[in-house]
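Chemist: Below are the sequence and a predicted model for it; my questions follow.
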Amino acid sequence: MPLTVSPDGTHLQRDGAFFPYVADTAWSVFADATEDEWPWYLDRRRSQGFTSVAISILPILHDRTVHSDAREPFAVDADGHYDLDSPDPAYFARAARLVQHTLDRKIVPTLVVLWCNYAPDTWGAELTPWAVMTAPQRRAYVSLVATTFGPLGPIFAVSGDDRFVDPAAIAAYVDVRDQLRAEAPGWLLTAHSAPTPGCPTRSPTPWTSSSTSQVTRPMPRTGATRWPSSTAAGSSASR
């Protein structure tokens, strides 16, 4: 059953019961994790009480270490830049399999659709201007997202690490929201903000169905623990 917002707009629920949204972040899984290690990670997080995991559908370009086995969501040109008109079907098919692994373990995937690198006039776009999508490219990409992940029922976060201060970026996120509502109806929408956003994070925005906040929590490093967790997310919601 999909998650819904409680009638009083204060929390998420499943089958009418309170759903504790406690999420780890594994942003680069689709680009960098193997299909062998992903189930190990999920089992570990499930045993620790996590109920969701947040993933960026596209790589976070300004904060990424590329390794030899990394996968790219688009064709790459001679300069190492994405051809945003040429998505890689294998990348998205594999990502869908990883989401299914997540659901099989009763963990809710929260998928960030458009990290700020790909939206116009954001601080992320300043770092990677070649990755900013035009409106037609963005709409084609969001259609691919809806087709690939919509049947699986994730939470969609329309934005990634944005400050919500630029009208062009906000307009792009609203466009993403409207397109997802039309092409992948019925699933919860939220937004992921930077630590100092231009909109309140503890009250729901008027253009998404739920509001989440991320709390950083340092974890001790140990040689026995891979994929160390550094974050947990709490949620409030609105209808």
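Modeler: Thanks, I have the structure now. Please read all numbers here as calculations on a predicted model, not as lab measurements.
Chemist: check contacts around F92.
Modeler: Each residue near F92 by C-beta atoms under 8 Å, 6 or more residues apart in numbering is listed here: 73, 144, 148. C-beta here means a position set from N, CA and C on the backbone, and glycine is covered the same way.
Chemist: L103 now?
Modeler: Counting by C-beta under 8 Å, 6+ apart, L103 has contacts 109, 152-153.
Chemist: Would you state the helices of this structure in chain order?
Modeler: 29-32, 37-47, 89-104, 123-127, 135-149, 167-183 (DSSP state H).
Chemist: Looking at these, which is nearest to S56?
Modeler: S56 sits nearest to helix 29-32 of all those, at 7.6 Å, using C-beta to C-beta.
Chemist: Off-centre distance for the closest one?
Modeler: Distance, stretch centre to chain centre, for helix 29-32: 12 Å (C-alpha atoms, centre = their mean, to the nearest Å).
Chemist: I would like the residues contacting it, please.
Modeler: Contacts of helix 29-32 (C-beta under 8 Å, 6+ apart): 38, 53, 55-59, 64, 67, 69-73, 91, 94-95, 98.
Chemist: wait, which of the contacts of F92 is closest to L84?
Modeler: Nearest to L84 among the contacts of F92, with distances taken as C-beta to C-beta, is P73, at 9.4 Å.
Chemist: how near is the closest residue to that closest one other than its chain neighbours to L58?
Modeler: Nearest non-adjacent residue to P73, counting by C-beta to C-beta, 6 or more residues apart in numbering: Y91, 4.7 Å away. Separation of Y91 from L58 (C-beta to C-beta, to the nearest Å): 9 Å.
Chemist: Would you mind listing the residues touching both of these two?
Modeler: 30-31, 73.
Chemist: Need the buried ones from those residues selected in ChimeraX.
Modeler: Command for ChimeraX that selects the buried part of the shared contacts of Y91 and L58, burial taken from 16 or more other C-beta atoms under 10 Å:
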select :30,31,73
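Chemist: Dump the shared contacts of Y91 and L58 to JSON lines, plus distance to Y21.
Modeler: Formatted as JSON lines, the shared contacts of Y91 and L58 follow (distance: C-beta to C-beta, whole Å):
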{"residue": "F30", "distance to Y21": "21"}
{"residue": "A31", "distance to Y21": "25"}
{"residue": "P73", "distance to Y21": "27"}
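Chemist: In this structure H192 contacts D161, no?
Modeler: Yes - using C-beta atoms under 8 Å, H192 is in contact with D161, at 6.2 Å.
Chemist: And these two? Which one has more around it.
Modeler: H192 (26 against 22; other C-beta atoms under 10 Å).
Chemist: Quick check: closest non-adjacent residue to the more buried one.
Modeler: A157 (4.6 Å).
Chemist: Is the one you found in contact with L188, as I believe?
Modeler: No - counting by C-beta under 8 Å, A157 does not reach L188; the two are 9.5 Å apart.
Chemist: from what I can see Y21 touches L12, true?
Modeler: Yes - between Y21 and L12 there is a contact under C-beta under 8 Å: 5.5 Å.
Chemist: quick one, what contacts the nearest residue to G160 once chain neighbours are set aside?
Modeler: Nearest non-adjacent residue to G160, counting by C-beta to C-beta, 6+ apart: W115, 3.4 Å away. Contacts for W115 (C-beta under 8 Å, 6+ apart) come out as 56, 58, 60-61, 124, 159-161.
Chemist: In this structure, what residue spans correspond to strands?
Modeler: Secondary structure of the chain (DSSP state E): strands at 4-5, 12-14, 17-19, 23-25, 52-56, 74-76, 82-87, 108-112, 155-157, 189-190, 210-216, 231-237.
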